[in-house]
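[1] Quick one, structure for this:
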Amino acid sequence: MSLESKLQEVSDTKAAVKNTVAYDRLSKLFDEGTMVEFDSLVKSEGGLAEVVTAYGTVDGLPAYAFAQNGDVTGGAISKAQARKIKKVYDFAAKTGAPVIGIYDSQGARLKQGGAILAAYGDMLLWSSSLSGVVPQISVIAGTCVGTNALIASCADIVIAVKDVDFGIETNGSERKSEDVGESVHILTKNIDDALAKARTLVAMLPSNNLSVALNAEYSEPTVSGDELDAVSAAVGTETRVISYIIAGIVDEGSLVDFQTGHGRSVLTGLATVNGQTVGVVSTRSRYNSGKMDANGAAKAARFVRFCDAFSIPVITLVDTYGFETVRDAAKLMHAYAEATTVKMAIIIGAAYGPAFVALAGRAANADFTVAWPNAVIAPLAPETFTAIMYNDELKGVEDPVAKRAEIEDDYRNTLASPVAAASEGYIDDVIAPADTRSAVVAALDMLASKKVSRLPKKHSNIQL
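    Presented below is the predicted three-dimensional model:
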């Protein structure tokens, strides 16, 4: 074969790849003109490989990505595909850059038999080995089922297009992406929105666990301090008040809310404060009779561990009566106590017993804890305290309901007040709601150089 013929074959193969949906998706993910494809000539059973792999920049930051190619045998997993994806992880490990995986596969090359099981195992190992080293984002663009779904779910953040098949079932029983709230962090209307979200997140995250996220341009919050003062009385009574409070603390429009329909007793998300990326956790007593449910506790625990892996400060808003079970409490307390990243707690409402200890107390290793004046910090809820301590006394009262309310109110304003907690050194300060953003900015600045050494160990044994 002549040189011209060989070059023409190379050109034809590359042109064929460029005409696929996978290539188009990667070109939209990366900054224009920065995408560099590798292994473009790799074949799978004589045809194009079922995945496109590339390097480029996202908002100026280096990143690696792969996109399963639904245009080639439905994106079926093969030995060739696994080898190409392995190279993505190898490069990411060597250079410390994020990995974005775009999933769209109907299954596997079944004729390759046991080699496919080995390929799946390798992909799972590579992803798990890099967990906590570089950020990993999965974009579920099309069908993603069985072991492929497990691998995609191992990423730090999972973005899914609405109505695509996503789940462990491979027998034809469909499970749509919107039904997998425990695995999907962000649900989008279409693939273009999903890729845009992935770009936003890459820009917010550090490139690896040894670097810091770059400060972004920002605008001041649209919710003013005076408005936070006004809304503080509604904590625990109105569904949207927490989102409103967060909007008064973080930079305008910066919050990326995770798993909005899952574990609704807790809100989690990434945002920026003065351009610095932070993790936001907020309990919401408006849901689940004031207590964190199992899904909410697990959602918060995983998010805190994710932030800690990449040294992203965690800002926690506390308004909860406690937990449903011991396991839920232990899981979340472990996540907070183990985390060495900057941790600030703001008690805006109720913080009773284990909830205070896990989220805002010294046992949770909180670096800085402040409270709003209307917060209630106590070992027991006022209702429980009154029932235990004044049960006999209330029996002989003419109007026990009114007397009970009087005792509870007195308890909130004395023993359970934030001023009492601050006077004992259990919290650092009591602040006006209007001063919350400035307090957060000051705490982040003060703790910017925080360093903590831990006892040597392989890993902790968190309650799961």
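
[2] how far out from the middle of the chain is the strand or helix carrying Thr277?
    If you go by DSSP states H and E, Thr277 is part of strand 276-283. Here strand 276-283 is found 9 Å from its chain centre; the criterion is CA atoms, centre = their mean, to the nearest Å.

[3] For that strand, output the C-alpha coordinates as CSV.
    The C-alpha trace of strand 276-283 is given here as CSV (Å, rounded to 0.1, in the frame of the first residue of the first chain):
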residue,chain,number,x,y,z
GLN,A,276,-14.5,30.7,46.5
THR,A,277,-16.1,27.3,46.0
VAL,A,278,-17.9,26.0,49.1
GLY,A,279,-20.1,23.0,49.9
VAL,A,280,-23.5,23.9,51.4
VAL,A,281,-25.4,21.6,53.7
SER,A,282,-28.7,22.6,55.2
THR,A,283,-31.1,20.6,57.3
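
[4] Give the other helices and strands that that strand contacts.
    Of the remaining helices and strands, those touching strand 276-283 by 3 or more CB pairs under 8 Å, 6 or more residues apart in numbering; DSSP states H and E are helix 241-247, strand 266-273, helix 294-309, strand 314-320, helix 354-359. C-beta here means a position set from N, CA and C on the backbone, and glycine is covered the same way.

[5] Can I get the ones you listed in CSV including mean neighbour count and mean pLDDT?
    Below are the helices and strands packed on strand 276-283 laid out as CSV (neighbours: other CB atoms under 10 Å; pLDDT from 0 to 100):
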stretch, mean neighbour count, mean pLDDT
helix 241-247, 20, 93
strand 266-273, 24, 97
helix 294-309, 23, 96
strand 314-320, 26, 96
helix 354-359, 26, 92
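
[6] ok so, going back, what pLDDT, on average, does the strand holding Thr277 get?
    Strand 276-283 comes out with an average pLDDT of 97.

[7] so how many other residues sit close to Leu61?
    18 (other CB atoms under 10 Å).

[8] how close does Ser2 sit to Ser40?
    For Ser2, the distance to Ser40 (CB to CB, to the nearest Å) stands at 22 Å.

[9] nope, Phe166 is what I meant
    Phe166 is 28 Å from Ser40, by CB to CB.

[10] Thr268 too?
    Applying CB to CB, the value for Thr268 to Ser40 is 39 Å.

[11] With Ala375 instead?
    Taking CB to CB, one finds Ala375 at 59 Å from Ser40.

[12] So for these two, which sits in the more crowded spot?
    A direct count of neighbours by other CB under 10 Å for Ala375 and Ser40 places Ala375 higher, at 27 against 19.

[13] leaving aside the residues next to it on the chain, what's closest to the most centrally placed residue in the chain?
    Central residue check for the chain by CA atoms, centre = their mean: the C-alpha nearest the mean position is that of Phe303, 4.5 Å away. Spatial nearest neighbour of Phe303, excluding adjacent residues (CB to CB, 6 or more residues apart in numbering): Thr268 at 4.2 Å.

[14] shouldn't that neighbour be in contact with Gln259?
    Yes. Here Thr268 reaches Gln259: they are 6.8 Å apart, a contact under CB atoms under 8 Å.

[15] what do the two both touch?
    Lys299 (CB atoms under 8 Å, 6 or more residues apart in numbering).

[16] Does anything pack onto the helix or strand where Ile102 lies? Which helices or strands?
    According to DSSP H and E, Ile102 maps onto strand 99-103. If contacts are counted by 3+ CB pairs under 8 Å, 6+ apart, strand 99-103 sits against helix 21-29, strand 61-68, helix 79-95, strand 136-140, helix 147-153.

[17] if you set the cut-off to 7 Å instead, what comes out?
    The helices and strands touching strand 99-103, judged by 3 or more CB pairs under 7 Å, 6 or more residues apart in numbering; DSSP states H and E, are strand 61-68, helix 79-95, strand 136-140, helix 147-153.

[18] Contacts for the second one, please.
    Judged by CB atoms under 7 Å, 6 or more residues apart in numbering, the contacts made with helix 79-95 from elsewhere in the structure are 38-39, 42-44, 49-51, 53, 55, 62, 64, 66, 99, 112, 115, 119, 122-123, 126, 130, 133-134.

[19] buried stuff in stretch 336-347?
    336-339, 341-347 (16 or more other CB atoms under 10 Å).

[20] Can you give me the end-to-end span of it?
    End-to-end distance for stretch 336-347: 16 Å, by CA to CA, to the nearest Å.

[21] What mean pLDDT does that stretch get?
    95.

[22] and the longest strand along the chain, which strands flank it?
    If you go by DSSP state E, the chain has its longest strand at strand 343-352. Strand 343-352 pairs in its sheet with strand 314-320 (parallel), strand 368-371 (parallel), strand 376-378 (parallel), by DSSP bridges.

[23] mind putting those in a markdown table, distance to Ile159 included?
    Below are the strands paired with strand 343-352 laid out as a markdown table (distance: least, CB to CB, whole Å):
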| stretch | distance to Ile159 |
| --- | --- |
| strand 314-320 | 22 |
| strand 368-371 | 32 |
| strand 376-378 | 38 |
